[in-house]
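Take a look and give me a structure for this.
(2 chains)
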Number of protein chains: 2
Amino acid sequence: MKEDTLGDVGEREAIRRLCAGLPTSSDVVVGVGDDAAIVRPAAGSGEDLVLTSDAVILGTHFDGKASPEAVGHKAVARGLSDLAAMGAVPAWALMDLSAPASIPFSYLEGIYRGAARTAAKYELAVVGGDTARSSDLAVHVFAAGRVPRGQARLRSGARPGDALYVTGELGGSILGRHLTFEPRVKEGIWLRGGGWANAMIDLSDGLAMDACHVAGQSSVTLRVVAGSIPVSAAAASFPDGRSAVSHALNDGEDFELLFSVPAGRATEFEAAWRKAFSLKCTKIGSVEQGPGVLVLEDERGRRDILSPKPYDHFGRHSEHE
Amino acid sequence: MKEDTLGDVGEREAIRRLCAGLPTSSDVVVGVGDDAAIVRPAAGSGEDLVLTSDAVILGTHFDGKASPEAVGHKAVARGLSDLAAMGAVPAWALMDLSAPASIPFSYLEGIYRGAARTAAKYELAVVGGDTARSSDLAVHVFAAGRVPRGQARLRSGARPGDALYVTGELGGSILGRHLTFEPRVKEGIWLRGGGWANAMIDLSDGLAMDACHVAGQSSVTLRVVAGSIPVSAAAASFPDGRSAVSHALNDGEDFELLFSVPAGRATEFEAAWRKAFSLKCTKIGSVEQGPGVLVLEDERGRRDILSPKPYDHFGRHSEHE
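Got it, this is the predicted structure:
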């Protein structure tokens, strides 16, 4: 019998199965399964810490045409986006670099320059890391942020009646934005600090899949009106014949925020947002009672049900099944 | 003109140059250049956090003959050894795995099993991480520990008059111990908590080089008596004709603790150690006034001066030059 490979199992199912046996402790508020982990540094602490790690690997997350500054930016910005999704304030990071001995040193300097610039912009101190030789070129960033105790926004916080919003414009990130995106750090902090967001997630796997994560982990149905989804120019002009909405739903690496706001506060929220930010924020649907699925509604009111794939059933979600 | 590669520059010099431009902040107590970084989670916090990251990469840190459990153990144990060197209590870790799609899933399960077992043994909660495909097989572990405010032991704490000790036996780790070593977590906590150690480091680059780190960063001379160095059976039987002492001085990845104890407390310390641990602890020399070098003394009292290589001049050390 042929043995299963990582490719056969799939990355998400692999994470679920591999992480099942990892040790935890009583000071872990949220472990594997959300955008980041939440831990409590001391019993009486007024702050929780949010911890996340992300890899950026040549051939998987960028290609040889990417500028080294963009690679460094992306490595740090991915971590910042996870912190943003929790509403956390960036604090410290470690950066591991692995690269072949033959790589031009100036390319590595470019990676660090890009990483340093983005970290500084969001007041993330880079306090250490490791450099090792490998056949791959990879940057792993570990980032930690702070959030008032118990206030981190989770995927599991959506409540029936909430209005559903997304920042920016979606789709077609692979054409360039995946290397240049701005993590929504100040927006995430503001959404948490003002008590606006019940649930929040950053869009890394694509709107459809990430909405399924929120639906599943909140045990609610997310209704998304297809025609209301803000599509990016890249999604609209993508040279593959698929519709702009299909790109906006399914493309990964948007790194925008998807969040739900209590229905009674939606009008007040929209006015406050416009006052605080010039960034677009669009209502794309609502949260309903339901079995943890995403319902996509077209312009004629027809509904398509998108269930989370089995490999998305992990973390807090599985507790509710 | 040929452009410099990472291989030309060397890893240590690369780290120094690459990290020079990284942003820091006022809550960073110790940044790049010690075994781990130290940060202050909140202004009034009674505890500091110790942060470290380490990579374990196929072809660099293990070969294809290593069991996957040993690979997972080593990845976690390297991080624990850095925490131990600071006297920190292990708290939380994130683990990033990158691997080719073709790798047998059971091999990855073995890595996680080994990592989980070692993390659980030292009460390190593994709270998340990332899995990504790459051509390499690599495990990056980010580990955080706790230490009472201002109490972390540093490389820079050695004072003239201190006695110099090392745990365990050194050399020949590559013959197997580098995959099975026990991080000296409880010993490091005890050495910090009892106020025994002035300076402390874990031996990853080899006694000679790591002693140079302590000497340089403490701005003292470390005198090591060659005949007193505890050599491992592996170092003594290494099949390459070099002496056991040469192996004990120069081989890497011992992951034992090197530390200095105030001279007036040495006798009391040795009795307390014997009461607390069965692990060997050997006095190998002393700390003297001097210009940040290692002096190796042979059985006839002849002295060899070992200076830190230029690529070891980084972090706190460089401030004193």
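
Could you look up the SS state of A:K186?
Classification of A:K186 into helix, strand or coil gives helix, according to DSSP: H, G, I helix; E, B strand; the rest coil.

how far away is it from A:S278?
In this structure, A:K186 lies at 12 Å from A:S278, with CB to CB, to the nearest Å as the measure. All C-beta spots, glycine's among them, are computed from the backbone N, C-alpha and C.

Neighbour count: the two, which is higher?
Set side by side, A:K186 and A:S278 give different neighbour counts by other CB atoms under 10 Å in any protein chain shown, the larger being at A:K186 (15 against 5).

measure that one to chain B for me?
17 Å (CB to the nearest CB, to the nearest Å).

Can you check what pLDDT the model gives the most centrally placed residue in chain A?
Among the residues of chain A, the smallest C-alpha distance to the mean C-alpha position (CA atoms, centre = their mean) belongs to A:D202, namely 3.0 Å. The pLDDT attached to A:D202 in the predicted structure is 97.

Please apply the same query to A:S307.
As summarised for this prediction, A:S307 has a pLDDT of 67.

Check A:D312 too.
The predicted local distance difference test score for A:D312 is 32.

list the helices and strands the longest helix seen in chain A packs on?
The helix of greatest length in chain A, counted in residues with DSSP state H as the criterion, is given as helix A:68-86. For helix A:68-86, the helices and strands in contact under the criterion 3 or more CB pairs under 8 Å, 6 or more residues apart in numbering or on different chains; DSSP states H and E are strand A:47-57, strand A:89-99, helix A:105-121, strand A:138-148, helix A:185-193, strand A:199-202.

OK, contacts around the closest residue to the residue nearest to the centre of chain A other than its chain neighbours?
With CB to CB, 6 or more residues apart in numbering or on different chains as the criterion, A:D202 has its nearest non-adjacent residue at 3.9 Å, and that residue is A:A85. When the contact criterion is CB atoms under 8 Å, 6 or more residues apart in numbering or on different chains, the partners of A:A85 are A:D35, A:A36, A:R153, A:G188, A:M200, A:I201, A:D202, A:L257.

Might one say that the fifth one is in contact with A:L258?
If I follow you right, that is A:M200. Yes: applying CB atoms under 8 Å as the test, A:M200 and A:L258 come out as touching, 7.2 Å apart.

Worst mean pLDDT across the helices and strands of chain A, which element?
Among the helices and strands of chain A, helix A:316-319 carries the lowest confidence by mean pLDDT, DSSP states H and E, at a mean of 28.

Show me what the one helix or strand A:L164 maps to is in contact with.
Element membership of A:L164, judged by DSSP states H and E, is strand A:163-167. When contacts are defined by CB under 8 Å, 6+ apart, strand A:163-167 is touched by residues A:184, A:187, A:203, A:207, A:222-224, A:229-230, A:256-263, A:266, A:269, A:279-287.

out of those, which are inside helices?
A:E187, A:L207, A:A266, A:F269.

Relative to B:H213, which of those residues is nearest.
Out of these, the one with the shortest distance to B:H213 is A:E187. That distance is 43.1 Å, counting by CB to CB.

and the closest one, how many neighbours?
Neighbour count of A:E187, defined by other CB under 10 Å: 24.

Distance check, the residue in the stretch 151-300 of chain A positioned nearest to chain B against A:V127.
Distance from chain B to each residue of the stretch 151-300 of chain A (CB to the nearest CB) is smallest for A:S204, at 10.7 Å. A:S204 sits 25 Å away from A:V127, going by CB to CB.
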